[in-house]
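Undergrad: From the sequence below, what's the structure:
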Amino acid sequence: MQAKSRGARPQLIEGLCSSVEQKGYAATTIADIVRHARVSKRTFYEAFADKEECFLAAYRELSDQTMQAVAAAVDGDEPWERQIERAVRAYLVTLDSRPALTRTFLLEIQAAGPQALGLRRQVLQEFAELTRGFVDEARQRRPELRRLTPTMAMAIVGGINELMLLKVEKTSRLGDLAETAVELMRAVVSPAGGEGEGKRQS
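TA: Below you'll find the model as predicted:
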């Protein structure tokens, strides 16, 4: 039974996501989740203790998919400014692929209890470390770039998430949002004096 329930986890996570997109997290029930997943309630409870646990698993899964998309989009051989642009756009495009779900995760995770807040903090730290890793790699070739501190990396990730909310709430276009996020990253890590890659290379 345990193997069967583990095998059903992806279906149940997607079932929750589909229901959230249709009616929101608060209105989503276990019955909704299993209906979308096409499994029984018994299978659900073999995999998850309750709706919150399934929600946290879905949040973790979406976060992992987003980090994988960002990592795959970056080519370390490209100029550092291009790497930043690729990373930011991959992050935003992945989140924008399911805007209703993204909005729910960005908002609901903050009100889902201490375990959820702990997971949110962990995920933000992972995104921050991923961002710092890109900058550290770029600094190996361009040591004049500013080092990205853990605190600043966390502030950038949090700021981009807030910008993403503007997009999913239809008060900002994705293109404008991406441009703002890229500009923010460049401003933070650009060499003193604000010289960009284009000025350094001719």
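Undergrad: following whichever strand or helix holds Asp64, which helix or strand comes up?
TA: Using DSSP states H and E, Asp64 falls within helix 51-73. Where DSSP H and E defines the elements, the next helix or strand beyond helix 51-73 is helix 80-96.
Undergrad: Check which residues of the helix holding Asp64 are buried.
TA: Buried residues in helix 51-73, counted by 16 or more other CB atoms under 10 Å: 51, 54-59, 62-63, 66-67, 69-70, 73. All C-beta atoms are positioned from the backbone trio N, CA, C, and that covers glycine.
Undergrad: what's in contact with it?
TA: The contact list for helix 51-73 (CB atoms under 8 Å, 6 or more residues apart in numbering) reads 9, 12-13, 16-17, 25, 28-30, 33, 44, 47-48, 86-87, 89-91, 93-95, 98, 101-102, 105, 108-109, 112-113, 115-116, 119-120, 123, 126-127, 130.
Undergrad: if we go to 7 Å?
TA: 9, 12-13, 16-17, 25, 28, 30, 33, 48, 86-87, 90-91, 94-95, 105, 109, 112-113, 115-116, 119, 123, 126-127, 130 (CB atoms under 7 Å, 6 or more residues apart in numbering).
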